[in-house]
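Asker: Please find the sequence and the predicted model below.
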Amino acid sequence: MNFFCGFVLLGGLLGCTYVCENEEDMAPPAGVEFLNVGQGLAVLLSYGGRYALYDTGPDSVGVIDSLKVRGVDTLEWVVVSHSHRDHAGGFMEIGSPAGRVSGGGAAPRVHVRRLFVGPDTAKGFVRDSVLHLAFRYGIPVDTLVRGVRLSLEAGGASSMGTASSTGTAPRIEVLWPPDYIRVGENGASIVLHVEYGEASVLLPGDLDSIGERRLLELSPTLSADLMQVGHHGSAGSSSLKFVSQVDPKYAVVSVGEGNSYGHPANSTVQKFGYVLGDSTRFFRTDRDGNVKFELYENLGVVKP
């Protein structure tokens, strides 16, 4: 009897040691959070205590306050997918008064290490204002095209190039637009694809159905576990062919409550219903608020 108990106890201790070692060896999860910014889009990416932002939502909705509440005082980079106010306006909030720096200039509320924009041919007040603020605070600005890869790795806060990321950090690749076309407005949206082991995320911004078709011509095997619903769920995006090819397990649409556009369109919701097969995997920021996911190398995308 004593021998049996000792054997069981030893087995339990060995089992505990095995599990604990596995937990210690497990890479930390990456985070993807769709911030509730009303009728706009802002997606916070995180890994290893570092943060980046895909789009900033509209101005005057408090996106910077949302970041500060989460303890984010530095963004490794910000991607402005295109120059519409509901995607780029929030960038103007970084200039709100939050103290002074040497020389008498106002300090930004959140430090941005680098700003990425696309080759959007559309010009206007919003784009000019974003670039003016970047110049004012000395934020380097680069243009993204298909094939460029971004990083959230330590020591590579805002690395940009065509080489693969090293280590185990998420791999973030620009899929659209290619450098040989000239397009503006929604069709110019920078599309990002995030991979982290078994987990993958697609962020198409406001890409329209024409852009979706051309993107599939370039990336015919495109897929993702988590998908941002394009253009706030409008009827002009998220073609059934595109959504079926991506074949997400989860989808999130960023919309304002009672918006005048009728987003998301019923037809779009139905398409995702066909593909997802489960309405509980379709999230809306107007109903669900901030929507957060965790990305694990060996488990894929997990909804906490």
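Answerer: That came through, no problem. In this text the structure is predicted, and so the values were computed from the model without any measurement. Numbering: from 1, shown residues only.
Asker: Leaving out sequence neighbours, find the closest residue to the most centrally placed residue in the chain.
Answerer: Computing the C-alpha centroid of the chain and ranking residues by CA atoms, centre = their mean puts residue 43 first, at 4.3 Å. Closest residue to residue 43 apart from its sequence neighbours, by CB to CB, 6 or more residues apart in numbering: residue 54 at 4.3 Å. For the C-beta atoms, the positions are set from N, CA and C on the backbone; glycine is no exception.
Asker: from memory residue 286 sits against residue 257, does it?
Answerer: Yes. Assessed by CB atoms under 8 Å, residue 286 is found in contact with residue 257 at 4.1 Å.
Asker: okay, the two: which has more neighbours?
Answerer: More crowded of residue 286 and residue 257, by other CB atoms under 10 Å: residue 286, with 18 against 11.
Asker: any idea how far the more buried one lies from residue 127?
Answerer: 27 Å (CB to CB, to the nearest Å).
Asker: And residue 287, by the same measure?
Answerer: Using CB to CB, residue 287 is found at 32 Å from residue 127.
Asker: Same check on residue 26?
Answerer: Separation of residue 26 from residue 127 (CB to CB): 42 Å.
Asker: higher neighbour count, those two?
Answerer: The neighbour comparison of residue 26 against residue 127 (other CB under 10 Å) goes to residue 127, with 17 against 12.
Asker: does residue 134 sit in a helix or strand, and which one?
Answerer: Residue 134 belongs to helix 125-136 when assigned by DSSP states H and E.
Asker: Next SSE downstream of that helix?
Answerer: Next along from helix 125-136, by DSSP H and E: strand 141-143.
Asker: what's that following strand in contact with?
Answerer: Strand 141-143 has contacts (CB atoms under 8 Å, 6 or more residues apart in numbering) with 114-119, 131, 134, 160.
Asker: Please spell out which residues along stretch 266-278 are buried.
Answerer: Residues of stretch 266-278 classed as buried by neighbour count (16 or more other CB atoms under 10 Å): 268-269, 271-272, 275-276.
Asker: likewise stretch 195-215?
Answerer: 195-197, 199-209, 211-212, 214-215.
Asker: cool, stretch 69-88 as well?
Answerer: Buried, per 16+ other CB under 10 Å, within stretch 69-88: 72, 75-88.
Asker: Give me the mean pLDDT for that stretch.
Answerer: Confidence over stretch 69-88 (mean pLDDT, whole number) is 95.
Asker: give me the beta-bridge partners of the residue nearest to residue 43?
Answerer: Beta-bridge pairing of residue 54 under DSSP bridges involves residue 43, residue 79.
Asker: burial count for it?
Answerer: 27.
Asker: gap between it and residue 240?
Answerer: With CB to CB as the criterion, residue 54 and residue 240 are 25 Å apart.
Asker: Equivalent analysis for residue 73, please.
Answerer: Between residue 73 and residue 240 the distance is 42 Å, computed by CB to CB.
Asker: swap in residue 88?
Answerer: For residue 88, the distance to residue 240 equals 29 Å [CB to CB].
Asker: How about the contacts made by residue 249?
Answerer: Shown in contact with residue 249 (CB under 8 Å, 6+ apart): 225-226, 276, 281, 300-301.
Asker: mind listing what residue 287 touches?
Answerer: With contact set as CB under 8 Å, 6+ apart, residue 287 has these partners: residue 257.
Asker: likewise the one 4 residues further on?
Answerer: Applying CB under 8 Å, 6+ apart to residue 291 gives the contacts 33-34, 252, 283, 285.
Asker: and those, which two are the farthest apart?
Answerer: The span of these, defined through CB to CB, is set by 33 and 283 at 11.4 Å.
Asker: in the stretch 151-300 of the chain, which spans are helices?
Answerer: For the stretch 151-300 of the chain, applying DSSP state H, counting those that start in this stretch gives helices covering 209-218, 240-246, 266-276, 285-288.
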